[in-house]
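Peer 1: Model the structure of this input:
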Amino acid sequence: MKEIRVAIVGVGNCASSLIQGIDYYRKAGKRGSENSIGLMHYNLGGYVPGNIRVVAAFDIDRRKVGKSLQEAIVSAPNCTKVFQRMRTRVPVIVNMGNPLDGISEHMESYPENRRFMRANKKPADIVRILRQSGAEIVVNYLPVGSEKATAFYAEACLKAGVGFINCVPVFIASNKTWAKRFEEKNVPVIGDDIKSQIGATIIHRCLTKLFDDRGVKIDNTYQLNVGGNTDFLNMLNRSRLKMKKISKTEAVQSQLQNPLHAENIHIGPSDYIPWLNDNKVCFLRMEGRGFGNVPMHLEMRLSVEDSPNSAGVVIDAVRCCKLALDRGIGGPLISASAYFMKHPYKQFSDDRAMVMVEGFISGKIER
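Peer 2: Numbers count the residues shown, from 1 in each chain. Just a heads-up that it's a prediction; the model follows:
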């Protein structure tokens, strides 16, 4: 059977949902059948979810390092829903990663089931493990604000010749210098900052384009998000949010012919509410003027389990990255990044990006 050999950096809620999902959809049917609900593609370029095999994993929490991956994905502080009791054994032990700036100090002061607990171990040789495991693709799930750590793993991918999917708001695929390095090494990269399946950003983008296309002038808009997972706890440290706010704001501004003044758009995490666990709640408001300059406004509340929402996109990003490897394509994948990520190398509307990624899957578009 064809395999896509994946290594995961950060065994948190998002990794848990992705690994559960690979097992859940292992015996799924074609898209549209009852057991393939939740997939954008069951078969993507000849690869189905069951072709994905996790061969290595890295974390720095002592409740996960040294444990089997199956045990680690349900270990505290993970709090996402367990929607799949694993039927297929994953014979992978979680290795000690390189901490660098991958954790905010304030996260060590919370109750045990919430806080970060650093493992007292020496970081593993990441490049060696990637090579020995036969990993083809690294999925980066580090916390928001992990700029040095993300750069470290991107560098490891270049050294090992392994594709890189950057799910966090640190600019690698969208940075010209990094993009050139991946292209020179002929290593594919998809990024940056995963755009959830039906999440706050893609809904905000679609509504923004709808207003613009229908001739309604947007005067002000905000998007406030709250949640109770470790991502929201990490983001209480506002100093880690610079790239996150840029990523989310540019994702929306890119859909307007005339972007809003910075004072008229506010997008970002609002607060951490522990009892929400992995549930994310978005409050969105848009104020504008339509025909006859008559005012109107829209308010929306979205409640969604955050990590499965992310995994529904990553499972396709992994398979697109594998297609690039099969075809000998390196550098940023323009179409996949535009459709799957908030801060791609180049922004497009979501409907155009979807056409582009379908063209890439079929081989009609190179990137």
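Peer 1: quick one, helices of the stretch 1-150 of the chain?
Peer 2: With DSSP state H, counting those that start in this stretch as the criterion, the stretch 1-150 of the chain has helices at 13-24, 69-72, 126-133, 147-160.
Peer 1: need these in JSON lines with mean neighbour count and distance to residue 275, can you?
Peer 2: Any C-beta I mention is one placed from the backbone N, CA and C, and that applies to glycine too. Shown next, in JSON lines, are these (neighbours: other C-beta atoms under 10 Å; distance: least, C-beta to C-beta, whole Å):
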{"stretch": "helix 13-24", "mean neighbour count": "25", "distance to residue 275": "15"}
{"stretch": "helix 69-72", "mean neighbour count": "20", "distance to residue 275": "24"}
{"stretch": "helix 126-133", "mean neighbour count": "18", "distance to residue 275": "36"}
{"stretch": "helix 147-160", "mean neighbour count": "21", "distance to residue 275": "29"}
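Peer 1: so which of these comes closest to residue 81?
Peer 2: helix 13-24 (8.0 Å; C-beta to C-beta).
Peer 1: elements contacting that closest one?
Peer 2: Here helix 13-24 touches strand 4-9, strand 52-59, helix 306-327, going by 3 or more C-beta pairs under 8 Å, 6 or more residues apart in numbering; DSSP states H and E.
Peer 1: pLDDT on the longest one, on average?
Peer 2: The pLDDT scores in helix 306-327 average 98.
Peer 1: For that helix, list every residue counted as buried.
Peer 2: Residues 306-325 are the ones in helix 306-327 that count as buried (16 or more other C-beta atoms under 10 Å).
Peer 1: quick revisit: now the helices and strands packed on helix 13-24 in a markdown table, with distance to residue 266?
Peer 2: Output for the helices and strands packed on helix 13-24, formatted as a markdown table (distance: least, C-beta to C-beta, whole Å):
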| stretch | distance to residue 266 |
| --- | --- |
| strand 4-9 | 31 |
| strand 52-59 | 33 |
| helix 306-327 | 20 |
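Peer 1: Residue 182: how many residues sit nearby?
Peer 2: Neighbourhood size, residue 182 [other C-beta atoms under 10 Å]: 24.
Peer 1: before we move on, which element is it in?
Peer 2: Element membership for residue 182 (DSSP states H and E) is helix 176-184.
Peer 1: Where do the helices of the stretch 151-300 of the chain begin and end?
Peer 2: Taking DSSP H, counting those that start in this stretch as the criterion, the stretch 151-300 of the chain carries its helices at 176-184, 200-213, 230-234, 242-253.
Peer 1: ok, and what's touching the shortest one?
Peer 2: Counting contacts by C-beta atoms under 8 Å, 6 or more residues apart in numbering, the residues outside helix 230-234 that touch it are 12-13, 77-79, 103-104, 107, 110, 114, 116, 143-145, 225-226, 240, 269, 271-273, 280, 306.
Peer 1: Now residue 82. Nearest residue, chain neighbours left out?
Peer 2: Nearest-residue entry for residue 82: residue 74, 6.3 Å, with adjacent residues in sequence omitted and distances by C-beta to C-beta, 6 or more residues apart in numbering.
Peer 1: and the one you found, how many neighbours?
Peer 2: Using other C-beta under 10 Å, residue 74 has 13 other residues around it.
Peer 1: Surely it touches residue 16?
Peer 2: Yes - judged on C-beta atoms under 8 Å, residue 74 makes contact with residue 16 at a distance of 6.9 Å.
Peer 1: Could you pull out the residues contacting both of these two?
Peer 2: Common neighbours of residue 74 and residue 16 (criterion: C-beta under 8 Å, 6+ apart): residue 82.
Peer 1: if we can go back for a sec, can you mark which positions in the helix holding residue 182 are buried?
Peer 2: 178-179, 181-182.
Peer 1: Check the residues you listed and tell me the two furthest apart.
Peer 2: Across those, the longest distance by C-beta to C-beta is 7.3 Å; it joins 179 and 181.
Peer 1: sorry, back to before: reformat the helices of the stretch 151-300 of the chain as CSV; add distance to residue 350 and mean pLDDT.
Peer 2: Shown next, in CSV, are these (distance: least, C-beta to C-beta, whole Å; pLDDT from 0 to 100):
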stretch, distance to residue 350, mean pLDDT
helix 176-184, 22, 98
helix 200-213, 6, 97
helix 230-234, 23, 93
helix 242-253, 10, 95
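Peer 1: tell me the contacts of residue 12?
Peer 2: 59, 78, 141, 143, 229-231, 307 are the contacts of residue 12 under C-beta under 8 Å, 6+ apart.
Peer 1: repeat that for 7 Å
Peer 2: Counting by C-beta atoms under 7 Å, 6 or more residues apart in numbering, residue 12 touches 78, 141, 230.
Peer 1: Listing partners with orientation, what would you give for the worst-scoring helix or strand of the chain on mean pLDDT?
Peer 2: Lowest by mean pLDDT, DSSP states H and E among the helices and strands of the chain is strand 265-272, with a mean of 91. Looking at strand 265-272 with DSSP bridges, its partner strands are strand 217-227 (parallel).
Peer 1: In CSV, could you pull the C-alpha coordinates for the partner strand?
Peer 2: Only the C-alpha atoms of strand 217-227 are listed here, as CSV (Å, rounded to 0.1, in the frame of the first residue of the first chain):
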residue,chain,number,x,y,z
LYS,A,217,-19.0,49.4,1.9
ILE,A,218,-17.6,47.9,5.1
ASP,A,219,-16.8,50.6,7.7
ASN,A,220,-15.9,48.6,10.7
THR,A,221,-15.4,44.9,11.6
TYR,A,222,-14.2,42.8,14.5
GLN,A,223,-13.6,39.1,15.2
LEU,A,224,-13.2,38.1,18.8
ASN,A,225,-12.4,34.5,19.7
VAL,A,226,-12.5,32.7,23.1
GLY,A,227,-11.6,29.1,24.0
